[in-house]
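J.: Pasting the sequence and the predicted model now:
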Amino acid sequence: MQLQVQPKLIIHGGAGSSLQGKGGLEAVRRALHTVVEEVYSLLVTGATATDAVVRGCQMLEDDPRFNAGTGSVLQSDGQIRMSSSLMDGTLGRFSGVINISRVKNPIELALFLQNSPDRVLSDYGSAELARELQVPSYNGLTDLRLHEWIQERQDNFKRTMAGVVAEPELVESSNAGRGTIGVVALDTFGRLAAGTSTGGKGFERIGRVSDSAMPAGNYATGYAAVSCTGIGEDIIDECLAAKIVVRVTDGMSLKDAMGRSFTEAHKNQRDLGAIALDATGAISWGKTSEIILAAYHDGETIGDTLEWNNGELIGYC
């Protein structure tokens, strides 16, 4: 199959403090690279950007290491409530679910809602949709996340959020919970899509809504696509994903749009990160947090950002 456009792909597994110990870093690297390899192979064989994004999000949701799907953090009442969204840049169509429980892959419901007249559903509506679609009930709780919650309950929830990565050696020591997964893809026809999924901050008030099911955290047009990670409230306050995409759509280069947006976020003392692609195939990522757990395929090789911590806010390849 002759490629009309060279596909590009970037994914993330959250942002926050640096991975402690080489074991944690290498395990996360392997997990991210495995997703990139499979999803990029789909793009090369002609999969749409939306299909590639959904597959990547499914794989990341299924990995208990990351805070989405299986391995999601627990809220203050000990329950898992997840949020996910999908945006097809060509159609300009956003869909998502908010605070859904007992499903394995929230991104699949976001995909179904792409063709619904009601495209964003909250907890009750999401549960009803899952029932109508006969989605099997699923418990994504892991022993590590339960231990994390029990320990924090004993401390009267002094931490405002849970650990970003569920590594055994990190559960007790990590104090940065910016756990989200995301995928941004450019397919062979030049179409862009973005998807984002999360279990939330962990230990939060019941009913809290994540940025992951908002255009603030996940947005795409025919010009650019962005998935965010970090503290959801900071992402919402910056309206980060939509801000970056609108700037590119209005004629700014992706590099400049990311640079300006992250300079503003840094000035406002936000704690966040983002991955991005534009229609030309430019790949970009940025962070104000210490690290962003991202990996990408630039059409030739796979790279990642796991040891990228040189004091700058923005990265490109």
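T.: Sure, I can see it.
J.: packing partners for the helix ranked longest in the chain?
T.: If you go by DSSP state H, the chain has its longest helix at helix 22-44. Packed against helix 22-44, as judged by 3 or more C-beta pairs under 8 Å, 6 or more residues apart in numbering; DSSP states H and E, are the following elements: strand 8-16, helix 49-62, strand 181-186, strand 291-297, strand 302-304. For the C-beta atoms, the positions are set from N, CA and C on the backbone; glycine is no exception.
J.: by how many degrees do the first one and helix 22-44 diverge?
T.: Counting by axes from the mean of the first three to the mean of the last three C-alpha atoms, to 10 degrees, strand 8-16 lies at 150 degrees to helix 22-44.
J.: The third one now?
T.: Relative orientation of strand 181-186 versus helix 22-44 (the same axes, to 10 degrees): 30 degrees.
J.: neighbouring contacts of the lowest-mean-pLDDT helix or strand in the chain?
T.: Among the helical and strand segments of the chain, the one scoring lowest on mean pLDDT, DSSP states H and E is strand 314-316, with a mean of 81. Residues lying outside strand 314-316 but in contact with it, judged by C-beta atoms under 8 Å, 6 or more residues apart in numbering, are 255, 258-259, 262, 282-286, 305, 308.
J.: that older thread, using a markdown table, please lay out the helices and strands packed on helix 22-44 together with distance to Asp155.
T.: Compiled in a markdown table, the helices and strands packed on helix 22-44 are given as follows (distance: least, C-beta to C-beta, whole Å):
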| stretch | distance to Asp155 |
| --- | --- |
| strand 8-16 | 19 |
| helix 49-62 | 28 |
| strand 181-186 | 27 |
| strand 291-297 | 25 |
| strand 302-304 | 33 |
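J.: just to revisit the earlier point, now the buried members of the contacts of strand 314-316.
T.: With neighbours counted using 16 or more other C-beta atoms under 10 Å, the contacts of strand 314-316 contain these buried positions: 258-259, 262, 282-286, 305.
J.: is it true that Thr180 touches Ser212?
T.: Yes: using C-beta atoms under 8 Å, Thr180 is in contact with Ser212, at 5.7 Å.
J.: So for Leu306, what's the pLDDT?
T.: With respect to pLDDT, Leu306 has a value of 89.
J.: Would you verify that it is located in a strand?
T.: No: remark: Leu306 does not belong to a strand; assigned using DSSP: H, G, I helix; E, B strand; the rest coil, it is coil.
J.: phi, psi of it?
T.: Backbone torsions of Leu306, given as degrees, to the nearest 10, read phi -70, psi -30.
J.: ok, it - how many residues close by?
T.: For Leu306, the number of neighbouring residues by other C-beta atoms under 10 Å comes to 20.
J.: show me where the stretch 201-317 of the chain has helices.
T.: Assigned by DSSP state H, counting those that start in this stretch, the helices in the stretch 201-317 of the chain fall at 232-238, 240-249, 254-267.
J.: Where does pLDDT dip in the stretch 101-250 of the chain?
T.: Regions of the stretch 101-250 of the chain meeting the criterion pLDDT under 70 cover residues 157-178.
J.: can you do 50?
T.: Flagging of the stretch 101-250 of the chain using pLDDT under 50 yields the residue ranges 168-177.
J.: all strands of it, in order?
T.: Along the stretch 101-250 of the chain, counting by DSSP state E, counting those that start in this stretch, strands occupy 120-121, 181-186, 192-198, 218-220, 224-230.
J.: In TSV: those, plus distance to Gln154 and mean neighbour count.
T.: Shown next, in TSV, are these (distance: least, C-beta to C-beta, whole Å; neighbours: other C-beta atoms under 10 Å):
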stretch	distance to Gln154	mean neighbour count
strand 120-121	35	20
strand 181-186	29	32
strand 192-198	25	32
strand 218-220	35	33
strand 224-230	27	33
